Each structure stands twice: as C-alpha cells, then as structure tokens.
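J.: Turn this into a model:
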Amino acid sequence: MERERLGSRLGFILLSAGCAIGIGNVWKFPYMVGQYGGGAFVLCYLFSLIILGIPVMTIEFALGRASHKSPVKLYNALEKPGQKWHLHGYAAMAGNYLLMMFYTTVAGWMLHYFFFMAGGTFTGTDVEAVGNIFANMLADPLGMIGFMAVVVLLGFGVCSRGLQNGLEKVSKFMMLALLAIMVILAVNSVMLNGAGEGLRFYLLPDFSRMLNLGIGNVISGAMTQAFFTLSLGIGAMAIWGSYIGKERALLGEAVNVGILDTFVAFVSGLIIFPACFAYGVSPDSGPGLIFVTLPNIFNHMPAGRLWGSLFFIFMFFAAFSTVLAVFENIISCCMDLFGWSRKKTCYINTIVIILLSLPCAVGYNLLSGFQPRGAGSTVLDLEDFLVSNLFLPLGSLIYVVFATSRYGWGWEKLTAEANQGKGLKIAQWMRLYMAYVLPVIVLIVFLLSL
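T.: Sure, this is the predicted structure:
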C-alpha cells in the first residue's frame, strides 16, 4: 500500500509543532515557571531544549523517514536480522494510547471552559465561586465523559478524512489561528496597568530564587519539561518523518519545530504573568492557575468575557492539535499492524479510546476514592506519571541508543539519512555528544523523574 505523503513543508512543520504544542506549553509551562521562580527556570528550560530536545527530535524524524513506517513497524525496517529492537515499537504504540487516556479528558476541560466563558458562567462570580465551578465540573461524571467523547469524535472525524484533506488542512488552520490569538492576548496582557512587575518576574533571571528552591530541583524540572513538551520517546515525531520527502535536512527541521514550540510556551507566559501581577494573583498557584486563577482575572478585565473566550479556544486548539497528531500515530500503527483501511481504523479506535479514557474522566467523581499515587491523587496523576516519567524518557533513550550505536542502526546511517537535503546538518563532531553524552543525560532525567 502506497504511504500517504504530506502536501507541503509548512504542513510538516505545523503538524510536528502541533504535536509538540499542547497543554505542556500552555498549562504546565506557565505554572512550572511560577513554581520554580521565574526567569532562571526559563533560561534552564531553553538550554535543556537545545541539548536534549532538538537532538532526540532529529533522531526520531530520521528513523521515521528512513523506515517509511509507523512507530510499531519502524524497527522492523531498520534493525539487523535477529535483533529485538522492534519490541520497543509495541511499547511506543501503547504509550500513544496511554497518553490519550488522559489527554482527551484535559482537552475536554478546555472546551468546557470555553463554553463556560462564552456563556457568561463566570460573570459576577467571586474567587470562591470560580473555584467551585471547577470543582463542580470535575464532580459531574456525565459532563466529563460527554466532553471527552466530543474530543475523541472530533479527532477521529478529522483524521478519517485522510492526511492532506483532513489532518493537514485542519492543523494548518488551527495552528495559524492559535498563533494569531496568542499574540493578541499577549499584547492585551502586557498593556495592563501593573503588568511590568509580572514581566520582570518572568523575563529577568533571579538566581537567588533559584538557590532558595534548590538548583538541582530547578534544573531537573526544566529538563523534564523540555523533554515532555516535545512528546519525545513514543514515536509521535517519528510518524511525521515517515510522511516527508528528502528535500530538507532534519536537524534544521527539528530546530524549526523547537522554535515554534518554544514561542508558544514563551508567549503563554506573556499572557499569564503580567495579568497575574496586574491583579495581585500569586503566580505559583500550580495546576489551578489556568482554571481557577485566570477566570478571576478575566472577570476584572474590561471585555473580560471576550478575552476569556479567546483564551480558552486557544487552549483547546493547543490541546486538540496534540490529540490529532497522536491519533494519527495510533491510526498509522493499526494500519501497519492489521492492514485495516483508514476509515475502519478510525471507527474502531473511536470506541477503543472512549472506553480507555473513561477511568480518567470518572477519576474525579465515581472513582475519586481510588488514589493510586497517595492521598489526593487521581487516575489522571497515575496515567500522566506513567507517560511522562517512564514511557517518554525510556523511549527516547532507546531511540538514541538504537540510532547512534553499532548494535542498532548506527551513526553512519543516521547521519546519511538526517543530512539528506538542504538546511542545517548533523556535523561529525556531534558524534561524541549524541552517541555517548546524550544517552547519559536522558538516563539521568529518567532517574530524577521517578
């Protein structure tokens, strides 16, 4: 069966960036910046992205492009006879399913909040009432399941239309709309009275704050965040490599995706921190920053309902772009593994993902007594831990070792593939770093995140 191809380089970059850009950028990044003391964390994050994120992404792109296969069959095309690297292919496929078991629920929250905001639910509410709205949303099993199911149906609906007609068209529109909305929101935030203090907190590194929090904590937090924001280790990037031609060298493409991803995370901070300081809200309020803190800010803002609605549709686009990208990964794996058509794969997986996502959706209500990671934890915390702390770093480690060592694909083959085409190329002097230092850093990140 002829493998589908993306229609354009822009489509490839926006789809890869869409996979990377998600709740990690717009929800997790700002609250981690808040908790880890502002500007110093941002510097550590950018450094981690360069030494960790870009090289691993380049490797994934190369493995995908060389094999022309989905993550589940990628190794079969590249490993030597009798080797067992392909077993990781099944783990990568499982990682995609596991990621969607909680990500669909969180994407549903964003959509839910857009309707709350546009419908005026928050109008005239105080701080306590806003907190109650979030708590009531989580406590309602039908609402949680309903919005999760809408996300799944929309996602597979787009993917069923094919790579160029469905995924590429919708992702291009969503990503360009997302970037436009972000810039408008950021300009609005920066113009608020009292925004200057928020900008100082965010943009000026204060190393004394870093010392108070512990240098090791800040650095390991930045490394794990750089890693997870790019969805590395489960083949989510390898899939886009399998859909592109040989016109461009892959290190340059990885840099482009990394820049777009960082831009979105960075501008999210420009939206959130000036607004927090302008309205006297603590920037280190953790995961509740988006759902409890920001609605309070929009309440006080002129035309707050409009800005709030724009913000949450932007949040939904960010989350949904990742859902689409990972669904495409799952579809490609099933088509390679079982020989199904795209339409049949979408129908079957719609049912499978809805069923698999139910524990997370009811984890805050019907299953709230199940606290797998200690008091107050939920099904989502367990699933997030498994993906973020096990599947992503270990998967990345396997990809790096396979691609660079003579026991796997090998350095020569990796560079020959990655360097085909125009643009930034892997230089020979990088071998020492990518083959020997990078695996050690990834292993350390894995051990620190346990």
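J.: got the phi/psi numbers for Gly421?
T.: phi 100, psi -180 (degrees, to the nearest 10).
J.: what packs against the longest helix along the chain?
T.: In the chain, assigned by DSSP state H, the helix with the most residues is helix 304-338. Counting contacts by 3 or more CB pairs under 8 Å, 6 or more residues apart in numbering; DSSP states H and E, helix 304-338 packs against helix 9-20, helix 23, helix 87-118, helix 141-159, helix 169-190, helix 238-241, helix 293-300, helix 342-361. In this view, the C-beta of every residue, glycine as well, is placed from N, C-alpha and C.
J.: and the gap between Asn299 and Leu192?
T.: According to CB to CB, to the nearest Å, Asn299 stands 14 Å off from Leu192.
J.: Kindly report the same for Ala180.
T.: 20 Å.
J.: The two: who's more crowded?
T.: More neighbours surround Leu192 than the other of Ala180 and Leu192, with 18 against 11 (other CB atoms under 10 Å).
J.: Now that one. Nearest residue, chain neighbours left out?
T.: Nearest non-adjacent residue to Leu192, counting by CB to CB, 6 or more residues apart in numbering: Ala278, 4.0 Å away.
J.: sorry, back to before: go through the helices and strands packed on helix 304-338 and pick out the most buried.
T.: Of all the helices and strands packed on helix 304-338, helix 238-241 has the most neighbours on average by mean count of other CB atoms under 10 Å, namely a mean of 28.
J.: just checking, what packs against the helix or strand just after that one?
T.: Following helix 238-241 in sequence order, the next helix or strand is helix 250-278 (DSSP states H and E). In terms of contacts (3+ CB pairs under 8 Å, 6+ apart), helix 250-278 is packed against helix 9-20, helix 29-35, helix 39-48, helix 54-67, helix 169-190, helix 195-203, helix 293-300, helix 411-418.
J.: Output those helices as TSV; include the columns distance to Leu270.
T.: Shown next, in TSV, are these (distance: least, CB to CB, whole Å):
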stretch	distance to Leu270
helix 9-20	18
helix 29-35	10
helix 39-48	11
helix 54-67	23
helix 169-190	4
helix 195-203	7
helix 293-300	14
helix 411-418	33
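J.: wait, which of the ones you listed is closest to Met430?
T.: Met430 lies closest, by CB to CB, to one member of the helices and strands packed on helix 250-278: helix 54-67, at 7.8 Å.
J.: Please name every helix or strand in contact with the closest one.
T.: helix 74-78, helix 238-241, helix 250-278, helix 392-404, helix 411-418, helix 438-449.
J.: right, and Val442 touches Leu397 too?
T.: Yes - applying CB atoms under 8 Å as the test, Val442 and Leu397 come out as touching, 4.6 Å apart.
J.: which regions of the chain lie under the pLDDT threshold?
T.: Along the chain, the parts satisfying pLDDT under 70 run over 1-2, 285-287.
J.: did I read that right, Asp284 in a helix?
T.: No - secondary structure of Asp284 (DSSP: H, G, I helix; E, B strand; the rest coil): coil, not part of a helix.
J.: is it true that it touches Pro30?
T.: No - Asp284 lies out of contact with Pro30 (CB under 8 Å); the separation is 10.5 Å.
J.: more crowded one of these two?
T.: Per other CB under 10 Å, whichever of Asp284 and Pro30 has more neighbours is Pro30, with 23 against 14.
J.: is it true that the more buried one touches Val267?
T.: No - using CB under 8 Å as the test, Pro30 is too far from Val267 to be in contact (10.3 Å).
J.: so what sits against both of the two?
T.: Residues touching both Pro30 and Val267 by CB atoms under 8 Å, 6 or more residues apart in numbering: none at all.
J.: Run the angle between the longest helix of the chain and helix 169-190 for me.
T.: Put simply, helix 304-338 runs at 150 degrees to helix 169-190, going by axes from the mean of the first three to the mean of the last three CA atoms, to 10 degrees.
J.: how about helix 304-338: buried residues?
T.: Buried residues in helix 304-338, counted by 16 or more other CB atoms under 10 Å: 304-305, 307-336.
J.: Could you do stretch 129-140 as well?
T.: If you call a residue buried by 16+ other CB under 10 Å, then stretch 129-140 has these buried ones: Val130, Gly131, Ile133, Phe134, Met137, Leu138.
J.: Can you add secondary structure and distance to Ser67 and give these back as CSV?
T.: Converted to CSV, the buried residues of stretch 129-140 look like this (DSSP: H, G, I helix; E, B strand; the rest coil; distance: CB to CB, whole Å):
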residue, secondary structure, distance to Ser67
Val130, helix, 49
Gly131, helix, 49
Ile133, helix, 48
Phe134, helix, 44
Met137, helix, 43
Leu138, helix, 42
